[in-house]
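1. After the sequence you'll find the predicted model.
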Amino acid sequence: MSSQRPTTLGVKLIGLRKAFGPKQVLDGVNLDIPPNSSMVVLGGSGSGKSVMLKCILGLIQPDEGVIEIGGQDVLKMSARDRTALMNRIGMLFQNGALFDSLPVWENVCFKLLAQKRITRRAARDKAAEVLAQVGLAASVGDLSPAELSGGMQKRVALARAVAAEPEIILFDEPTTGLDPIMGAVIDGLIADCVHRLGATAISITHDMASARRIGQQAAMLYRGQVVWTGPAAQLGDTGNAMVDQFARGEREGPITMELRR
Ligand SMILES: Nc1ncnc2c1ncn2[C@@H]1O[C@H](COP(=O)(O)OP(=O)(O)OP(=O)(O)O)[C@@H](O)[C@H]1O
């Protein structure tokens, strides 16, 4: 994969709302992720982080609000234009979501093969090239995902997310379940891939070390809204009691008190 132009695609969410039944999960989310920047999104379990990513990806239709990608309102686009735009986005799903019925190389090139952008023979070579970028030997391409360790599965999932050279990449908890060293390795690979592609990145993580490694900016979702944005390097020392409590993992603070009510 050659080094690419920095993307011109940024993502802007304006007043995004989504309810499931009586549960208002997103309640007016505003967030601006400029082109070629990296944003990490924090928030408690069930705060709507994955729902937000799925809205951006077009997998969930929001009830209200605007999703602008590259300055265009995607909710008002024709289905065809939207599909073309979505093809410029890659996603690393929580738990990898690899297909055990396919060998690793087909997983890595799944999107390119499905869209007939590549022959099967070329896909094998492409998979070997992208696997090398995440530190895996070409021979791993012939294995089933079920034969791999958790860390290797995350590398394969990362390879799959970047194989089609997306301009926007969404990462949903890319290091959850890994030991701290493997987590740091995956963070390094994520940062390398995003940099090489010149991509815009949005990552969900519960790991503050990871957030500081992969994010320039951070945002915190709470009660369906973004309550803080700022430099990821400041996490734990932002001066915002809610964010600092969350980043430091402290039991006492505004978030606990609300839970006790
Ligand atoms: N398709 C769906 N149908 C109904 N409810 C849903 C659906 N998707 C998500 N939810 C609900 O929306 C809420 C937010 O879910 P979401 O997965 O976005 O949380 P999260 O912030 O990513 O949490 P975690 O950190 O635990 O992964 C949860 O209460 C969840 O049950």
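-> Perfect, thanks for sending it.
2. so what's Ser38 bridging to?
-> Per DSSP bridges, the residues bridged to Ser38 are Ala201.
3. check contacts around it.
-> Residues in contact with Ser38 (Cβ atoms under 8 Å, 6 or more residues apart in numbering) are 191, 194, 200-203, 214-217. In short, each C-beta sits where N, CA and C put it, glycine included.
4. how about the helices in the stretch 1-150 of the chain?
-> 49-57, 79-86, 104-108, 110-114, 120-133, 150-163 (DSSP state H, counting those that start in this stretch).
5. list the contacts for the closest residue to the ligand within the stretch 51-200 of the chain?
-> Residue of the stretch 51-200 of the chain nearest the ligand, by Cβ to the nearest ligand atom: Val51 (3.6 Å). Residues near Val51 by Cβ under 8 Å, 6+ apart: 18, 25-26, 60.
6. Then Asn36?
-> Listed by Cβ under 8 Å, 6+ apart, the contact set of Asn36 reads 6-7, 198-200.
7. Now with 6 Å, please.
-> For Asn36, the contacting residues are 6-7, 198, 200, by Cβ atoms under 6 Å, 6 or more residues apart in numbering.
8. buried subset of those?
-> 7, 198, 200 (16 or more other Cβ atoms under 10 Å).
9. Only alpha carbons, please: show stretch 115-133 as PDB.
-> The C-alpha trace of stretch 115-133 is given here as PDB (Å, rounded to 0.1, in the frame of the first residue of the first chain):
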ATOM      1  CA  GLN A 115     -17.200  -5.300  -4.900                       C
ATOM      2  CA  LYS A 116     -15.300  -7.100  -7.700                       C
ATOM      3  CA  ARG A 117     -12.500  -4.500  -7.400                       C
ATOM      4  CA  ILE A 118      -9.900  -7.300  -7.400                       C
ATOM      5  CA  THR A 119      -9.500 -10.900  -8.800                       C
ATOM      6  CA  ARG A 120      -9.000 -13.700  -6.300                       C
ATOM      7  CA  ARG A 121      -5.400 -14.200  -7.400                       C
ATOM      8  CA  ALA A 122      -4.700 -10.500  -6.800                       C
ATOM      9  CA  ALA A 123      -6.500 -10.600  -3.500                       C
ATOM     10  CA  ARG A 124      -4.100 -13.200  -2.200                       C
ATOM     11  CA  ASP A 125      -1.200 -11.000  -3.000                       C
ATOM     12  CA  LYS A 126      -3.000  -7.900  -1.600                       C
ATOM     13  CA  ALA A 127      -3.800  -9.800   1.600                       C
ATOM     14  CA  ALA A 128      -0.100 -10.800   2.000                       C
ATOM     15  CA  GLU A 129       0.900  -7.200   1.600                       C
ATOM     16  CA  VAL A 130      -1.600  -5.900   4.100                       C
ATOM     17  CA  LEU A 131      -0.900  -8.700   6.600                       C
ATOM     18  CA  ALA A 132       2.800  -7.700   6.500                       C
ATOM     19  CA  GLN A 133       1.800  -4.200   7.400                       C
END
